[in-house]
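Visitor: Build me a model from this:
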Amino acid sequence: MVKSNIHKFFVLFSLYVAQAIPMSFFSTIVPVIMRQEQYSLELIGLIQLVKLPWIAKFLWAPYIDRFTNTSSDYRRWIFTSEIFYAIIIFSIGFLSLDTNFTLIIFLVIIAFIASATQDIATDAYAILLLKKKERGFGNSMQSSGSFVGTLVGSGILLVIYHYYGWQLLLFGLSIFVLIALIPLVLFKKKGEIQKVETTRASLKDIASFFTQKSIFGHILLLFFFYSGIIGLLAMLKPYLVDIGFNAKDIGIISGIIGTSSAALAAIASGWIVKRFDRQKIMSVFLLMSLLISLFFICITYQPLGSTFIYIGIIFLWITYGMSTVVIYTTAMDRVRPGKEGTDFTIQIVLTHLSSLIIASSSGFIASSLGYRGLFYLESILVLITFAILFIFRSHIFNYERSEVTI
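Guide: Reported below is the predicted structural model:
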């Protein structure tokens, strides 16, 4: 791999790490801080709504595509939104959760809007930057960057907060976001960036995406692909607590080892996606999802030692890490020229929406049917996804080869 290509992938990795760390911090660590400050559980639960801009970002993705004619324009979107993102984070450092709670939440929402905008532009920039044969590894950089950002944002930063406090942490976080732009600045002198076709995107493109020929099976696949593991991930920590694991062990095995495993698996998945047929890869990853669901069903009948449970948790995160790469790569293959940001955002929002529905309902399901009932339901969802992949395989994969050429 030539030096410019290595730089290209490092640029994408740094951008995805930069957007993942603050988002992970505000959505996972802030609730911990709030609980320490005696905020109610109801109010802490509502904090998760700050992530709504990442669900609604498809609404302004056409605007970004419409006023973007070259990949350099996407770079400007990235720089502008990232700098604005850093300024907001820096300003929050001057505020206190005790006396400025409402203002902080408002600013966090604004920051997430900027972060979502940066994500739209970065995804479109990556589509233009990567040749089709490079998309597998490019998306492994996206996924691994996100997992590394989550690892830092939800683990390491909590330790830093403990020793240095709220203000210094936020100041340092904003500086890091700006530092993450340096690889993109340096890459400008070396990268060969393709021109974007000048088709004018609009809000109508959101609806027209869903009316494309042979798109229905692809939409169903996106919506269900993660369904067999998201419920497991959402209820994993409560389940481990209920079977006797302490907070320290859960944090290490899930928050550090599990997330790290997902990041490494995402890198490996980029190599796999590049070399093997997409349908076979998806089938293998779905089989992995089914096996992990069956594993957790089995341990509800026959408890196993902690070592086996740790192996199961690592396998769960590996499955999730690998699955994200094949989904991102498949989504890149389905974008229309001139509408890269819009089409990719729509597809990823579908996966986010599905994950939000399943994760938010998994607690109610586990409460009503027990953990075993939830795990059985997860395995059924994997089988449904297998059926979708089989029934619509010709539409899904023929479209990729014949109808989209970028």
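
Visitor: and this protein, what are its domains?
Guide: 1-188, 203-406 (automatic domain parsing).

Visitor: Check those for me: which has the lowest mean pLDDT.
Guide: Among these, domain 1-188 carries the lowest mean pLDDT, at a mean of 80.

Visitor: now that one: how far from the chain's centre is it?
Guide: Distance, stretch centre to chain centre, for domain 1-188: 11 Å (Cα atoms, centre = their mean, to the nearest Å).

Visitor: give the contact list for the spatially most central residue of the chain.
Guide: Nearest to the geometric centre of the chain sits Ser146, at 6.3 Å (Cα atoms, centre = their mean). Residues in contact with Ser146 (Cβ atoms under 8 Å, 6 or more residues apart in numbering) are Tyr16, Val17, Ala20, Thr324. All C-beta atoms are positioned from the backbone trio N, CA, C, and that covers glycine.

Visitor: ok, which pair from these is furthest apart?
Guide: Val17 and Thr324 (14.8 Å; Cβ to Cβ).

Visitor: So what does the residue lying farthest from the centre of the chain have for phi and psi?
Guide: Most distant from the centre of the chain: Gln302, at 33.4 Å, with distances by Cα atoms, centre = their mean. Main-chain torsions, Gln302, degrees, to the nearest 10: phi -130, psi 100.

Visitor: For Met235, see how far away it is.
Guide: 19 Å (Cβ to Cβ, to the nearest Å).

Visitor: And Phe390, by the same measure?
Guide: As judged by Cβ to Cβ, Phe390 and Met235 stand 28 Å apart.

Visitor: can you check Phe112 too?
Guide: Taking Cβ to Cβ, one finds Phe112 at 25 Å from Met235.

Visitor: Equivalent analysis for Arg393, please.
Guide: 31 Å.

Visitor: Check Tyr371 too.
Guide: 7 Å.

Visitor: top helix in this protein by residue count?
Guide: If you go by DSSP state H, the chain has its longest helix at helix 340-391.

Visitor: who does that helix touch, helix- and strand-wise?
Guide: Here helix 340-391 touches helix 52-56, helix 61-66, helix 101-129, helix 204-210, helix 216-224, helix 227-242, helix 278-301, helix 306-333, going by 3 or more Cβ pairs under 8 Å, 6 or more residues apart in numbering; DSSP states H and E.

Visitor: Tabulate these (TSV), appending distance to Asp73.
Guide: Output for the helices and strands packed on helix 340-391, formatted as TSV (distance: least, Cβ to Cβ, whole Å):
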stretch	distance to Asp73
helix 52-56	22
helix 61-66	9
helix 101-129	9
helix 204-210	17
helix 216-224	27
helix 227-242	35
helix 278-301	30
helix 306-333	19
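
Visitor: so which of those helices gets nearest Ile252?
Guide: Across those, Ile252 has its closest neighbour in helix 306-333 (9.4 Å, Cβ to Cβ).

Visitor: in that closest one, what counts as buried?
Guide: Using 16 or more other Cβ atoms under 10 Å as the test for burial, helix 306-333 gives 309-310, 312-333.

Visitor: And for stretch 157-174?
Guide: So, applying 16+ other Cβ under 10 Å, buried residues of stretch 157-174: Leu157, Leu158, Tyr161, Trp166, Leu169, Leu170, Phe171, Gly172, Leu173, Ser174.

Visitor: Same question for stretch 130-140.
Guide: For stretch 130-140, burial by neighbour count (16+ other Cβ under 10 Å) applies to Leu130, Glu134, Arg135, Gly136, Phe137, Gly138, Asn139, Ser140.

Visitor: Helix, strand, or coil at Ser214?
Guide: In three-state terms, and counting by DSSP: H, G, I helix; E, B strand; the rest coil, Ser214 is coil.

Visitor: Find the nearest non-adjacent residue to it, please.
Guide: Using Cβ to Cβ, 6 or more residues apart in numbering and skipping residues adjacent in sequence, the residue nearest Ser214 is His395, 3.8 Å away.

Visitor: Kindly provide the distance from the one you found to Leu222.
Guide: From His395 to Leu222 the distance is 13 Å (Cβ to Cβ).

Visitor: Mind checking which of these two has more residues around it?
Guide: Between His395 and Leu222, counting by other Cβ atoms under 10 Å, Leu222 is the more crowded of the two (22 against 17).

Visitor: ok, Arg66 - how many residues close by?
Guide: 18.

Visitor: cool, and Val17?
Guide: Quick note: Val17 (other Cβ under 10 Å) scores 23 neighbours.

Visitor: so how far is the longest helix of the chain off the chain centroid?
Guide: 15 Å.

Visitor: any idea of the angle it forms with helix 101-129?
Guide: With axes from the mean of the first three to the mean of the last three Cα atoms, to 10 degrees as the basis, helix 340-391 and helix 101-129 are set at 80 degrees to each other.

Visitor: Going forward, the N-terminal residue is numbered 32.
Guide: Right, with 32 as the first residue, what we last looked at is helix 371-422.

Visitor: quick one, helix 371-422 and helix 247-255 angle?
Guide: 100 degrees.

Visitor: ok and helix 371-422 relative to helix 337-364, angle-wise?
Guide: 120 degrees.

Visitor: Helices - which of the buried residues of stretch 188-205 land there?
Guide: Using DSSP H, the buried residues of stretch 188-205 in helices are Leu188, Leu189, Tyr192, Trp197, Leu200, Leu201, Phe202, Gly203, Leu204, Ser205.

Visitor: which one is the fifth one nearest to, not counting chain neighbours?
Guide: If I follow you right, that is Leu200. In space, Leu200 is closest to Tyr192, 5.0 Å off (Cβ to Cβ, 6+ apart).

Visitor: my read: that neighbour touches Leu201, true?
Guide: No. Counting by Cβ atoms under 8 Å, Tyr192 does not reach Leu201; the two are 9.5 Å apart.

Visitor: intersection of neighbour lists for these two?
Guide: Contacts common to Tyr192 and Leu201, judged by Cβ under 8 Å, 6+ apart, are absent.

Visitor: Not counting residues beside it along the chain, what's closest to Ile274?
Guide: Closest residue to Ile274 apart from its sequence neighbours, by Cβ to Cβ, 6+ apart: Pro334 at 7.2 Å.

Visitor: and that neighbour, how many residues sit next to it?
Guide: Counted with other Cβ under 10 Å, Pro334 comes out at 11.

Visitor: how much space between it and Tyr402?
Guide: Taking Cβ to Cβ as the measure, Pro334 and Tyr402 are separated by 12 Å.
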